[in-house]
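Participant: pasting the sequence and the predicted coordinates here, then a few questions.
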Amino acid sequence: MTLTRWFRTRSDGSKHTPPCGGRSVRRRRRGSWIIGGTVLACVAGATAQEEPVTRVSVEVAGEQEESQSAEPVTEALDVDRVLRQIIPPHRIDEYGEPDVRDGDKPDPAYYERLLNRIAHVRRPVQVRLTIEEVLERVLRHNFALDVARYNPAIEATRLVEAEALFDASLYSNISKLIQDRPSGSQLSATDFDRFSWETGVRKLLPGGMRVNTSYSLERQSTSLAFQQLNPQYFSQLNLGFQQPLLRGFGIDYNRSAIVVASHGQRIADHQYREQVRDVVRQVEATFWRLVQARGEVVISARLLEKFESIYDFLEKRKDFDVNKIQLEDTKANLETTRAEFLRILSAVRNAEDALIALMNDPELNLGNEIEIIPDGIPVYPRIVVDRIGELQTALESRTEIKSAQLAVMNAAIGIGQARNELLPRLDLTFNYAVDGLGKSADRSFDEVTKHDFTEYSIGVEFEIPIGNRAAKARHQRARLTLAQAEAELKRRTEQIITEVNVAVRNLETNWAVILPRLESVEAGVRQVEAIDARAERKDYAQLNAELGAHNGLAAGRRQLLQALVDYYLSVIDLERAKGTLLEYNNIVLVPVENEGP
C-alpha cells in the first residue's frame, strides 16, 4: 500500500489551485482506489471568499449525494483586516510598524527593538513550507505510516495461506525391510527382504472430499523354497476418496477460512486508512498550532515592548512622582510578560520539532537548528453544513463501521463453523485398485495396464466425542463473539454519530466567535488610541491604564488567533469524523502488488 497526492490540472498542464477555502470533489471510480478532491490552505497575500461553501444533501432518484451550493453571508472575513491583528513573524515587514495610527509618526527605535525581539524565533536554517508540502513529506517519510503500510500485505499472505489449503500435494514414500527370524514351519521363510515405494497426489476439494491417487511398487525376496517368483514385483494403481457426510461437509464450511482471511485483509486496509487519517489530522493540528504559536510571538513581543517602554519611563521618574510600590508593580507585570514571551518561544520550538518529527524527512534533521516557517494563515470561509447529510456521509464512509461490519460477518461465519463441528464425524470412504505381479518391475506394470486384477472397498467411518464438550464450548464462544461484534458495531455507530454532532456544533460555534473576537480586538485598538489621544500628562495612573489596555488588547488578539485556528481545525475534525479527510486532502491510497521492504 502506497500513498500518492493528486492535483487537478488545467489543459496547459499547470496545477489548478482553487481559491482560498475552495473545495472540489471527485467521486471514486468503480473498481479503483482513485479518490480526488482539492483543498489548498490560504497562503500569504490571499483574500477571503465573499461566499461560504454550503454542503447539503440532495435527493436524486431515491439516493442522496453530496453537492455544493453557494450561499452569501455577511460574516465573511477580510484577510487583510485579520492579519493586521495577528501578523506572523515572517510578514511583519509587509505590514510595517504595528499599532501606529494613521497620521502618526512611526517610532523607528521602537520598531527596531520589536524586530530584534521577534528575531529570537529565528534559527540558522529556515525552511518555508505550506500545509500541502508538509503533508507530502509526511506521506513519503513518516515512520509510523512506513510501519503500518506492511499490515495489509501481511494479511494478504494469510489469504493466500487459506486458499493454499485446496492445493494438490505430491507425496512419496520409500521403505526397506530386512527380516531374519526363526520359523517353526517350512512354509514360513526365515529371512525376508522387502523394498517398497509409493508416490501419489492428494487434494482437498471445496465440498470436503479428500481425493487420493497413487502408484506403488514393491520388490520382495525370500529364502522360501515354495516361492515361484523370487524376487517378485508387485505394482498397484490406487484411487480413493473420503467424503464427509456430517462434520466437515459443504463448500461454505470448507471455504470459510478463505472468506475470513479475505475479510481480515479488508480490515487491515481499513485500519491502514485510519492510521493515515489520524496522522494527517495530527499533522494538520501541529502545523496550525505552529502558526498560532508564531503569531503569539508577535503579539507577546508587542506587549513586552510596550511594558518595557512604560517601565523605562517610570524608572526615569522614580525620584519625582513615582513611588517604589508603583514601580515594583510595573516591574512585576513586566517580568510576567517577559516570562510569557519565553514560554511562547519555547512553544514555537516544540511545535517545530513536533512537525519535523512527523515528517521524518532526511533533509530535516532534528539535530540541526531548523526554523519551520508555515506558509499559511488560518483564515477560512464559512462552511454551512447539513447535519443529517454529514451523518449519512459518515455512516457510509467511516472505515471503523466497515471494519466492525466485517467483524460481525466473521463472527457469523464462526458460528457456522462451530455449528458444523457439533455434528459427529460420518465419512464415506471408497478405494479402487488395479494390481499387477511379475518377475520384474516392467512386467508387474504391464499387468496393471491389462486391468485383469482389481479390488475395491467401500465403508463408513463414524466418530463422536463422548459429551462433545469441546465442540459445544467452541459453539458457545462463537455465539458470544457474534454478540460482542454486534455490540461493538452499535457502539462504533453511536460514537461516530456523536463525533459528527460534536464536530458540526464545534464548526458552527467556532465560526460564530470569530467575528466577535475580531470586533473585540479592534475595539481594544480604538481604546488604546483613545487613551493615548486623551492623555494630558504621563502620570502613573495614565500609564497604568495604558498598560491595562495593551494587556487586554494582547489577550484579545490571542483569543482571536485561537478562534481562527480552532475554526480551521474544526473543519478538519468534521472531515475526519465523516471519514473523508483523505479525500479532502487529495490523498490516494494505491494497492501495490508484491510490496516488499
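Facilitator: Arrived safely, thanks for sending. Numbers count the residues shown, from 1 in each chain.
Participant: which residues are contacting stretch 109-126?
Facilitator: Stretch 109-126 is contacted from outside by 89, 92, 96-98, 294, 297-298, 301-302, 304-305, 308-309, 341, 345, 348, 368-371, 373, using C-beta atoms under 8 Å, 6 or more residues apart in numbering. For the C-beta atoms, the positions are set from N, CA and C on the backbone; glycine is no exception.
Participant: strands - which of the residues you listed land there?
Facilitator: Those of the contacts of stretch 109-126 mapping onto strands are 370-371, 373, per DSSP state E.
Participant: of those residues, closest to residue 193?
Facilitator: Closest approach between the ones in strands among the contacts of stretch 109-126 and residue 193, by C-beta to C-beta: residue 370, at 82.7 Å.
Participant: so what's the residue count around the closest one?
Facilitator: Using other C-beta atoms under 10 Å, residue 370 has 18 neighbouring residues.
Participant: so, low pLDDT: which residues of the protein?
Facilitator: Applying pLDDT under 70 to the chain picks out residues 1-76, 90-107, 183-190, 225-226, 534-540, 592-597.
Participant: which helix in it runs the most residues?
Facilitator: Of all the segments of type helix in the chain, defined by DSSP state H, the longest one is helix 469-534.
Participant: check which residues of the following helix or strand past it are buried.
Facilitator: Using DSSP states H and E, the helix or strand that follows helix 469-534 towards the C-terminus is helix 540-578. Residues of helix 540-578 classed as buried: 540, 542-544, 546-547, 549-554, 556-578 (neighbour count, 16 or more other C-beta atoms under 10 Å).
Participant: tell me what helix 540-578 is packed against?
Facilitator: Packing partners of helix 540-578 (3 or more C-beta pairs under 8 Å, 6 or more residues apart in numbering; DSSP states H and E): helix 256-316, helix 324-359, helix 387-397, helix 469-534, helix 581-584.
Participant: what angle separates the host helix or strand of residue 127 from strand 370-374?
Facilitator: Here residue 127, judged by DSSP H and E, is contained in strand 125-129. Strand 125-129 runs at 20 degrees relative to strand 370-374, counting by axes from the mean of the first three to the mean of the last three C-alpha atoms, to 10 degrees.
Participant: just the C-alphas of strand 125-129, formatted as PDB.
Facilitator: The C-alpha coordinates for strand 125-129 follow below in PDB (Å, rounded to 0.1, in the frame of the first residue of the first chain):
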ATOM      1  CA  VAL A 125      18.400  27.200   8.800                       C
ATOM      2  CA  GLN A 126      15.000  28.400   7.600                       C
ATOM      3  CA  VAL A 127      12.500  26.200   5.600                       C
ATOM      4  CA  ARG A 128       9.300  27.700   4.300                       C
ATOM      5  CA  LEU A 129       6.500  25.100   3.900                       C
END
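Participant: so how far is that strand off the chain centroid?
Facilitator: Computed by C-alpha atoms, centre = their mean, to the nearest Å, the chain-centroid distance of strand 125-129 equals 27 Å.
Participant: ok and that strand relative to helix 324-359, angle-wise?
Facilitator: Going by the same axes, to 10 degrees, strand 125-129 is angled at 70 degrees with respect to helix 324-359.
Participant: may I see the buried residues of strand 125-129?
Facilitator: Buried residues in strand 125-129 (16+ other C-beta under 10 Å): residue 129.
Participant: so after that strand, what's the next helix or strand?
Facilitator: Remark: after strand 125-129, the chain's next helix or strand is helix 131-141, criterion DSSP H and E.
Participant: got the angle for that following helix vs helix 540-578?
Facilitator: Using the same axes, to 10 degrees: helix 131-141 against helix 540-578 is 50 degrees.
Participant: what's the angle from helix 131-141 to helix 256-316?
Facilitator: Using the same axes, to 10 degrees, the inter-axis angle of helix 131-141 relative to helix 256-316 is 130 degrees.
Participant: what about helix 131-141, distance to the chain center?
Facilitator: 15 Å.
Participant: give the other helices and strands that it contacts.
Facilitator: Checked by 3+ C-beta pairs under 8 Å, 6+ apart, helix 131-141 has strand 2-5, helix 256-316, helix 324-359 packed alongside it.
Participant: deepest-packed of these, please.
Facilitator: Comparing these by mean neighbour count (mean count of other C-beta atoms under 10 Å), helix 256-316 comes out on top with a mean of 20.
Participant: one step back: any chance of the helices and strands packed on helix 540-578 in CSV with distance to residue 423 as columns?
Facilitator: Listed next are the helices and strands packed on helix 540-578 as CSV, based on distance: least, C-beta to C-beta, whole Å:
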stretch, distance to residue 423
helix 256-316, 15
helix 324-359, 55
helix 387-397, 39
helix 469-534, 8
helix 581-584, 46
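Participant: the ones you listed: which one's closest to residue 141?
Facilitator: Closest approach to residue 141 among those (C-beta to C-beta): helix 324-359, 6.0 Å.
Participant: how is this protein carved up into domains?
Facilitator: 2-157+261-406+487-590, 169-204+209-247+425-463 (automatic domain parsing).
Participant: of all those domains, which lies closest to residue 481?
Facilitator: Comparing the domains of the chain under C-beta to C-beta, the one sitting nearest is domain 2-157+261-406+487-590, at 10.3 Å.
Participant: where's the closest one relative to the chain centroid, distance-wise?
Facilitator: Distance of domain 2-157+261-406+487-590 from the chain centroid (C-alpha atoms, centre = their mean) equals 21 Å.
Participant: quick revisit: now, among the ones in strands among the contacts of stretch 109-126, which is nearest to residue 522?
Facilitator: The closest of those, once distances to residue 522 are taken by C-beta to C-beta, is residue 373, at 27.1 Å.
Participant: quick one: residue 455 and residue 240, what's the gap?
Facilitator: Distance, residue 455 to residue 240, using C-beta to C-beta, to the nearest Å: 11 Å.
Participant: what is in contact with these two at once?
Facilitator: Counting by C-beta under 8 Å, 6+ apart, the common neighbours of residue 455 and residue 240 are residue 432.
Participant: between these two, who's got more neighbours?
Facilitator: Ranked by neighbour count (other C-beta under 10 Å), residue 455 and residue 240 place residue 240 first, with 18 against 11.
Participant: which SS class is the more buried one?
Facilitator: Under the three-state scheme (DSSP: H, G, I helix; E, B strand; the rest coil), residue 240 adopts strand.
Participant: contact partners for it?
Facilitator: Applying C-beta under 8 Å, 6+ apart to residue 240 gives the contacts 211-213, 429-432.
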